[in-house]
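J.: here you go, sequence then predicted model.
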Amino acid sequence: MMKKIMAVALLVLGTQAMAFVETSANTVLFPGSIVKITDTCLNADGDLRTNFKVQQYKIIRKKNNDVYIPTVKKYLTTSVDYTQRVCVDYGKENCKSWETVYKTYPMTSTVDYYEVKRGRERDVKKYLYSVEFTVPACK
């Protein structure tokens, strides 16, 4: 009887450890890193900046693998306005023609939160709530 109770307890604990929260937040492309917009702020120059310092690395290229050596941690910044190359003419295997489009990261957006439970066959995503998010000024 005790073994059955322990097995059920382990199963429950194991199931709880396999759950996490996921958001639908937009992402921002920084040099060398992609960060959710909810982890950014607007600096005094009007650029997006990470809320946390990001580890930088020196990369040493070797024959079979690359070696990453940590150097410094620093805040990353990028412009609110950016350009993106978009395929405007698809061929059978690749893009035949590209166009540059001008875009701006949204300063206000709705962020949905989901609970994700890992299953053996597939993940199960359950909607939790939504929040209006506006990129704050950096402190």
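T.: Great, that's in hand. Numbering: from 1, shown residues only.
J.: poorly predicted segments of the chain, please.
T.: 1-17 (pLDDT under 70).
J.: which residues in it form strands?
T.: For the chain, the strands defined by DSSP state E cover 19-23, 27-30, 33-36, 40-42, 48-50, 54-61, 66-74, 77-78, 81-90, 95-104, 108-117, 124-134.
J.: next, format these as JSON lines and append mean neighbour count.
T.: Where C-beta positions appear, they are placed from N, C-alpha and C, glycine not excepted. Formatted as JSON lines, these follow (neighbours: other Cβ atoms under 10 Å):
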{"stretch": "strand 19-23", "mean neighbour count": "12"}
{"stretch": "strand 27-30", "mean neighbour count": "16"}
{"stretch": "strand 33-36", "mean neighbour count": "14"}
{"stretch": "strand 40-42", "mean neighbour count": "19"}
{"stretch": "strand 48-50", "mean neighbour count": "21"}
{"stretch": "strand 54-61", "mean neighbour count": "12"}
{"stretch": "strand 66-74", "mean neighbour count": "10"}
{"stretch": "strand 77-78", "mean neighbour count": "16"}
{"stretch": "strand 81-90", "mean neighbour count": "11"}
{"stretch": "strand 95-104", "mean neighbour count": "10"}
{"stretch": "strand 108-117", "mean neighbour count": "14"}
{"stretch": "strand 124-134", "mean neighbour count": "11"}
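J.: N51 is in contact with L42, isn't it?
T.: No. Using Cβ atoms under 8 Å as the test, N51 is too far from L42 to be in contact (11.1 Å).
J.: now for the two: what residues contact both?
T.: Shared contacts of N51 and L42, defined by Cβ atoms under 8 Å, 6 or more residues apart in numbering, are found at C138.
J.: bridging residues for Y57?
T.: Here Y57 sits in beta bridges with P70, going by DSSP bridges.
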